[in-house]
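Undergrad: Coordinates for the following, if possible.
(chains A and B)
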Amino acid sequence: MPKIRINDTEYEAKDGATILDVARANGIDIPYMCYHPGMDIVAVCRVCQVEVKGMPKLQTACSLPIRDGMEVFTESEQARKARAGTVEFWLVNHPLDCPICDKGGECPLQDVTYNIRGGGSRLRDPKVNRPKRKILGEHIVFDVERCIICWRCTRFTQDISGSEQLMLTNRGVKTEIDTPPGVTLTDPFSGNLADVCPVGALTTREFRFKSRPWEMTPVESTCTACSVGCSTTVWSKRGVIQRLTARENLEVNDYWLCDRGRFDTTFVNASGRLVRPTGPVSTAADKSYSWEEAALVLAGMAMGRDGANRVASWAVVAAPHATNEEYFALQRFARGVLNTEDLVLDTGVQGPELTPSRAEFLSGNHRLDAVRDLDTADVIVQVGQNLEASHPVYSLRIRKAVRGKGAKLYVGSTAPGGLDREASLRVGLNEGDEAAFLQGIHAGTGEDSFLRLKDALTSAARGVIILNAGPRNEALLAVALVLTKLNPSGLKLFVLDDGSNISGAWDMGFAAGYGPGRVAGLAGVAGSTAVAGSTGVAATQGLSDTTVAPPRGRAAVLAAVTGGQIEGLLLYNSGRPWAFSPDVLEAARAARRLVLFDIADGSLVEKAQLVLPTPTFAETDGTLTSPDGRVQLIRRAVPGPERLWHPGVFLARAERLAGGATRAGQPIDIFRDISREVAGYAQLNFGLLRASGLPTRKDMGRAPATVGGGSPE
Amino acid sequence: MVMNDDTHRSKDPGGRFILPEIIKGYSTTLREFFTKPSTMKYPEEKWSMPPRFRGYPKLVANPDGTERCVACGLCAAVCPPLAIQLEADETDQVKERFPIRFAIHMGRCINCGFCEEACPVDAIRMSAKYELNTPEVDSLIYSKEILLKDYSTL
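TA: As a prediction, the model looks like this:
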């Protein structure tokens, strides 16, 4: 390990590190503007200049690799003067409108200026005035005056997002950022430009002038817009979300966040949120219940204490983006109190279900265990939808692998996307042809492209096949598993489904026939409602047989609800708005008893016998599990509706009132139960997950359900 | 030792002669009739405050009546009793930012003048106003309109 001295103190560093890397790691203040840890080094801002012993001229710390024995002085007379000069040049035309500027308070340029200069200006001429509001795209507004030409934004669109929608035009004082002629900024990652901009030049229209940095409370959380689970910071002011920013997490999203996740937050503070439990038979004027009353109503429906309201058989349908804790509480309530095994995750009419083959795959060796392995992959095949639209941030990682490490990318997609330009080969597919595409590769005959792909996959050392066909993933997986036999040691499969937390729901046992930890055929779990019209009395009295009937599929469950064989339907949505699939809606309308958990008012609220508000992603603690099995934490950032009970608390109370066990139902309590009962989550707790999440244990689904989880503390 | 010192005593220790005392008292009254009174007839008459007196804060208006404030929030940040609350928005004027809502809770304000000191655009100043009597506490929350117009001339 080379050692270098910075300001007469010795530091150890890794080979190949730059002076700035060492300084950043050791808390030495070297200002920088153009350097960004996620992007290539260009050394154009010149503010990080330092003096290096033996070198006649000043060196930029961001670009100079260290050498053993190097001596660096960041505060020498020469270095200070150069820094001050650089800042003075920036400020020649940089407007001093910090009180107006959104960056004021979190602005590196402001900090550097305060640190370096005593104030005052030597300039007597007026500043050059430039356009203050140049609208570049749907989300981004550009203030030309404030720009210091650090190239971070242009480099972002060129190297990271690949859209190449920003460039520098003109020369000298007229230099400015612009889109190429006739192009508007439609980059699906454009929100990051406001994050990377070191001054207030690029701002988002959503956040412009909404709040000052010091007025907001940042909470570290995780995005729930798709299954990637990017680390975010939720900034709120007086209980209202102001903005989301990307948070560094090298295991998942590096430094980036897509626009869908960043800007799709308005539903949290929108009007029309459900705020209290309601039901048509409530005696209150506004048909509301207290939470305690609502729990009693649900317990009554479930256990039949009050004969008129008894519901003999139940099905539970949940949206695919709730937290693990909610799924766990829901399946525990469904199995223990409602006595049903008909758990349906609503992932679309033909969405994926936890079938035996899928369960075997998830526990098997062919699953990609960490997204970070994409960085070192040499062959990546992506089949299905446009990845940039469905799982945007994964596409950035793939681009990084292709451009940085020279991975070969092959795309067989149903829609054109940004990754196509990185691909060695792109095949346009019709929906439904994905399996045939993979079969063609396996056969390796016919078209030349199939042969090339087969060769690439056969010789891959670390190949990854990404299956992203949404509802058709199931069929695709079967073919892909055959394909891995070409090269069993070198190929991994990465299956991406369309719901945000499908992996978590399955891990928690929210799947028909699979208990917590994806353990099949849980003993003691009643599958007795499998017989249509089975006597409700037997079921509700817990007389269910211990033999487990094979779970019905989603279609059969919903048909049974529609047909009246299943009386009660519990519909569950939380976290984000969710439009239940048409067949679920049809079942909900036909159901004799409907219990609805939802975040906002909707068409089903009128129909439901009991309506319960749920928290959005910003109003609850919880965990999410990404497709590679990484558990990440979401945190409560805003208080949400007054006196809202967490669904876990509510279900625990209803269970108690129905004569069941007494449980604590806060997310942290439920997670303690999860770490005890779900094999892959043993030893985890909220504290450990805080920074960047942790992977689940890989052997889940093989072990019995009652693996002695260590103390969660 | 017992001193029989009666120098401090009245010449009329028994108080048998009242008249001299009455004359003495009325002469004081009479004298005050012809001196300038040290009180004033508040609230009909009011003090003219010295120039550096800190009353309650007001907003400074531009000649066209709009506020000078750019809603930077520094006054709200520095305010020790958290009396200021404001919300910014965008305009299409040259000065892009303005307070769409700006309120000072005068019941909370302690007249410290920090807001005046923090303001980078000289948009908030301490007025000479010091009277707040009101039957309702809520009316002590002064909106932007009140702060700008109704008493900004004070």
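Undergrad: My understanding was that A:Arg276 contacts A:Glu292; is that so?
TA: No: counting by C-beta atoms under 8 Å, A:Arg276 stays clear of A:Glu292, with 12.0 Å between them. For glycine as for every other residue, the C-beta is placed from the backbone atoms N, C-alpha and C.
Undergrad: which of these two has more neighbours?
TA: A count of neighbours by other C-beta atoms under 10 Å in any protein chain shown puts A:Arg276 above the other of A:Arg276 and A:Glu292, at 19 against 13.
Undergrad: Look at the more buried one and give its secondary structure.
TA: Classification of A:Arg276 using DSSP: H, G, I helix; E, B strand; the rest coil returns coil.
Undergrad: Can you report how many residues neighbour the closest residue in space to it that isn't next to it in sequence?
TA: Nearest in space to A:Arg276, with sequence neighbours left out and distances taken as C-beta to C-beta, 6 or more residues apart in numbering or on different chains, is A:Ser288 at 4.7 Å. Here the number of neighbours of A:Ser288 (other C-beta under 10 Å) works out to 16.
Undergrad: quick one: A:Ser288 and A:Pro277, what's the gap?
TA: Look at A:Ser288 and A:Pro277: by C-beta to C-beta, to the nearest Å, they are 7 Å apart.
Undergrad: Strand partners (parallel or antiparallel) of the longest strand anywhere in chain B?
TA: In chain B, taking DSSP state E as the definition, the longest strand is strand B:97-105. Applying DSSP bridges to the sheet, strand B:97-105 is found paired with strand B:84-90 (antiparallel), strand B:141-142 (antiparallel).
Undergrad: Pull the number of nearby residues for the closest residue to A:Ile670 other than its chain neighbours.
TA: Counting by C-beta to C-beta, 6+ apart, A:Glu325 is the residue found nearest to A:Ile670 once chain neighbours are left out, at 4.1 Å. A:Glu325 has 27 neighbours, counted by other C-beta under 10 Å.
Undergrad: Which helix or strand contains whichever residue of chain A sits closest to chain B?
TA: Of all residues in chain A, A:Pro99 sits closest to chain B, at 3.5 Å by C-beta to the nearest C-beta. Assigned by DSSP states H and E, A:Pro99 belongs to neither a helix nor a strand.
Undergrad: Tell me, how many residues neighbour it?
TA: 19.
Undergrad: per-residue pLDDT, the residue nearest to it when sequence neighbours are not counted?
TA: Nearest residue to A:Pro99, sequence neighbours excluded (C-beta to C-beta, 6+ apart): B:Cys72, at 3.5 Å. Here, the pLDDT recorded for B:Cys72 equals 93.
Undergrad: again with A:Thr546
TA: 42.
Undergrad: before we move on, back to that, which neighbouring elements make contact with the helix or strand harbouring the residue nearest to A:Ile670?
TA: Using DSSP H and E, the element containing A:Glu325 is helix A:324-336. Helix A:324-336 is packed against strand A:314-318, strand A:343-345, helix A:502-507, strand A:568-572, strand A:622-625, helix A:647-657, helix A:667-677, with contacts defined by 3 or more C-beta pairs under 8 Å, 6 or more residues apart in numbering or on different chains; DSSP states H and E.
Undergrad: can you pull the contacts of A:Trp214?
TA: A:105, B:73, B:77 (C-beta atoms under 8 Å, 6 or more residues apart in numbering or on different chains).
Undergrad: oh sorry, the question was meant for A:Ala435
TA: A:472, A:475-476, A:478-479.
Undergrad: what's the closest non-adjacent residue to the residue most central in space within chain A?
TA: Nearest residue to the geometric centre of chain A (C-alpha atoms, centre = their mean): A:Gly229, 1.9 Å. Nearest residue to A:Gly229 in three dimensions, chain neighbours excluded: A:Ser626, at 4.3 Å (C-beta to C-beta, 6+ apart).
Undergrad: Tabulate the helices and strands packed on helix A:324-336 (CSV), appending mean pLDDT.
TA: Listed next are the helices and strands packed on helix A:324-336 as CSV, based on pLDDT from 0 to 100:
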stretch, mean pLDDT
strand A:314-318, 94
strand A:343-345, 93
helix A:502-507, 94
strand A:568-572, 94
strand A:622-625, 95
helix A:647-657, 95
helix A:667-677, 94
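Undergrad: want to try JSON lines for those, with mean neighbour count as columns?
TA: Shown next, in JSON lines, are those (neighbours: other C-beta atoms under 10 Å in any protein chain shown):
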{"stretch": "strand A:314-318", "mean neighbour count": "27"}
{"stretch": "strand A:343-345", "mean neighbour count": "28"}
{"stretch": "helix A:502-507", "mean neighbour count": "28"}
{"stretch": "strand A:568-572", "mean neighbour count": "26"}
{"stretch": "strand A:622-625", "mean neighbour count": "29"}
{"stretch": "helix A:647-657", "mean neighbour count": "24"}
{"stretch": "helix A:667-677", "mean neighbour count": "23"}
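Undergrad: among these, which is nearest A:Glu164?
TA: A:Glu164 lies closest to strand A:622-625 among these, at 32.6 Å (C-beta to C-beta).
Undergrad: C-terminal to that closest one, what's the next element?
TA: Once the chain leaves strand A:622-625, the next helix or strand it forms, by DSSP H and E, is strand A:630-634.
Undergrad: Could I get the contacting residues of A:Trp506?
TA: Applying C-beta under 8 Å, 6+ apart to A:Trp506 gives the contacts A:345, A:354, A:359, A:362, A:514, A:518.
Undergrad: again with B:Val121
TA: A:99, B:68-70, B:72.
Undergrad: Could you verify that it is part of a strand?
TA: No: counting by three-state DSSP, B:Val121 is not found in a strand; it is coil.
Undergrad: Look up how far B:Cys69 lies from it.
TA: Distance of B:Val121 to B:Cys69, computed by C-beta to C-beta: 7 Å.
Undergrad: A:Gly517 now?
TA: Taking C-beta to C-beta, one finds A:Gly517 at 59 Å from B:Cys69.
Undergrad: With A:His321 instead?
TA: Taking C-beta to C-beta, one finds A:His321 at 42 Å from B:Cys69.
Undergrad: pLDDT weak spots in chain B?
TA: Low-confidence segments of chain B (pLDDT under 70): B:1-15, B:150-154.
Undergrad: Output the lowest mean pLDDT helix or strand found in chain A.
TA: Confidence across the helices and strands of chain A bottoms out at helix A:536-540, with a mean of 37, counting by mean pLDDT, DSSP states H and E.
Undergrad: and after it, which helix or strand comes next?
TA: Next element after helix A:536-540 (DSSP H and E): helix A:554-563.
Undergrad: what's that next one packed up against?
TA: Using 3+ C-beta pairs under 8 Å, 6+ apart, the elements in contact with helix A:554-563 are strand A:314-318, strand A:343-345, helix A:582-590.
Undergrad: Just give me the neighbour total for the residue in chain B positioned nearest to chain A.
TA: Closest to chain A within chain B is B:Cys72: 3.5 Å, counting by C-beta to the nearest C-beta. B:Cys72 has 25 neighbours, counted by other C-beta under 10 Å.
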